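Undergrad: From the sequence below, what's the structure:
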Amino acid sequence: MRLHVADHPLIDHKLSVLRDETTPSAVFRQLVDELVTLLAYEATREVRTEEVSIQTPVAVAQCRRIADPRPIVVPILRAGLGMLEGMTRLLPTAEVGFLGMKRDEDTLEIETYANRLPDDLSGRQCFVVDPMLATGHTLIAAIEYLLAHGARDVTALCLIAAPEGLTTLEEAIGGRANVTIVTAHVDERLNDKAYIVPGLGDAGDRLYGIVD
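TA: As a prediction, the model looks like this:
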C-alpha cells in the first residue's frame, strides 16, 4: 500500500476552513468539491493512457488519451457523494459506481446496504472516494468488495486520515493489490468514539445536515 499526502498551500488553506466548526454546510460542500479536484489531480498521475492520432486544423498530432477500459469512480454513500463531482470534473469519461456502507456506532462493524457496480472489474482502475479514513473498516470493506470482483488497481481519496486507520488498512490489504491512499492530511489519532482528532466532525452531517 502506498500513501500520498498532497502538499500544496491551497489544500492546506481549504482544509483549515473545512475544519472550522462555524463553516456552514453550503460553504463546506463547495470547499469539499474544490479540495477533491486538487486531490484528484494527484490521484490520477498514473491513470492509464493510450496513444492516438488526432487531426488538428494544421496537421496530424500524436496524442495520449485515457485508455479503455475506462476508470470507475466509486463514492461510498452518503458522504462520498460530496466528493463525486470534484472527481468526475477531472475524469469526465469515467464510469460511476456506488457502494452504500455504514458503521454500527456500537460495534463499529461495517454493513453494506447498497451497491451499483459492474460484476467484473478486471483491468479497471478504481477510484474510491470517502471523506474520512478513521478506523479504516469502511474503506477495507469497500476495497475487499472491489478485489472480490477482479480489481487490482485501487486508489482511495480521503480528505483526512487517522494513523490507526492507515495501519489497519495496510495490514488487511497487504500485497494483494496495487492500493494507493491519497489524502490532504494525516491527523493525530482516533478518540474513544473512533472520531478523527482534531478532524472536522461528521463529514456526512456537515455536507447534508443531520438525518435521524
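
Undergrad: Could you name the helices and strands sitting against the longest helix anywhere in the chain?
TA: In the chain, with assignment by DSSP state H, the single longest helix is helix 25-43. Judged by 3 or more CB pairs under 8 Å, 6 or more residues apart in numbering; DSSP states H and E, helix 25-43 is in contact with helix 9-19, helix 81-90, strand 125-129, strand 153-161, strand 178-186, helix 203-208. Yep, even glycine has a C-beta here, placed from its N, CA and C like the rest.

Undergrad: Buried residues, the next helix-or-strand element following it. List them.
TA: As assigned by DSSP states H and E, the chain's next helix or strand after helix 25-43 is strand 49-55. Within strand 49-55, no residue qualifies as buried by neighbour count (16 or more other CB atoms under 10 Å).

Undergrad: what about dumping the CA coordinates of strand 49-55 to CSV?
TA: This file holds the C-alpha atoms of strand 49-55, laid out as CSV (Å, rounded to 0.1, in the frame of the first residue of the first chain):
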residue,chain,number,x,y,z
THR,A,49,-3.5,6.3,-21.4
GLU,A,50,-3.1,5.2,-25.0
GLU,A,51,-1.5,6.8,-28.0
VAL,A,52,-3.9,8.2,-30.6
SER,A,53,-3.6,10.2,-33.9
ILE,A,54,-5.6,13.4,-33.8
GLN,A,55,-6.3,15.6,-36.9
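
Undergrad: partners of that strand, with directions?
TA: Next to strand 49-55 in the sheet, as set by DSSP bridges, lie strand 60-66 (antiparallel).

Undergrad: Give me the next element, helix or strand, following the strand it pairs with.
TA: Following strand 60-66 in sequence, per DSSP H and E, is strand 72-77.

Undergrad: Report the mean per-residue pLDDT for that next one.
TA: Mean pLDDT, strand 72-77: 92.

Undergrad: Just want the angle from it to helix 81-90.
TA: Per axes from the mean of the first three to the mean of the last three CA atoms, to 10 degrees, the angle that strand 72-77 makes with helix 81-90 is 160 degrees.

Undergrad: Run me through the strand neighbours of strand 72-77, direction for each.
TA: strand 95-96 (parallel), strand 98-103 (parallel), strand 125-129 (parallel).

Undergrad: Kindly compare burial across those strands and name the winner.
TA: strand 125-129 (a mean of 27; mean count of other CB atoms under 10 Å).

Undergrad: Strand partners (parallel or antiparallel) of the very next helix or strand once past that one?
TA: Downstream of strand 125-129, the first helix or strand assigned by DSSP H and E is strand 132-133. Strand 132-133 has these partner strands in its sheet, going by DSSP bridges: strand 153-161 (parallel).

Undergrad: Check what contacts the strand it pairs with and list those residues.
TA: Strand 153-161 is contacted by residues 15, 18, 32, 35-36, 39-40, 43, 83, 87, 124-133, 139, 142-143, 146-147, 177-187, 196, 199-200, 203 when judged by CB atoms under 8 Å, 6 or more residues apart in numbering.

Undergrad: Render the CA-only coordinates of it in CSV, please.
TA: Only the C-alpha atoms of strand 153-161 are listed here, as CSV (Å, rounded to 0.1, in the frame of the first residue of the first chain):
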residue,chain,number,x,y,z
ASP,A,153,-5.6,-1.3,-9.0
VAL,A,154,-7.4,0.8,-6.4
THR,A,155,-6.8,4.5,-5.4
ALA,A,156,-8.7,5.9,-2.4
LEU,A,157,-9.2,9.6,-2.0
CYS,A,158,-9.8,10.8,1.6
LEU,A,159,-9.9,14.4,2.9
ILE,A,160,-8.2,13.3,6.1
ALA,A,161,-6.9,10.1,7.6
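
Undergrad: Kind regards, and thank you for your time.
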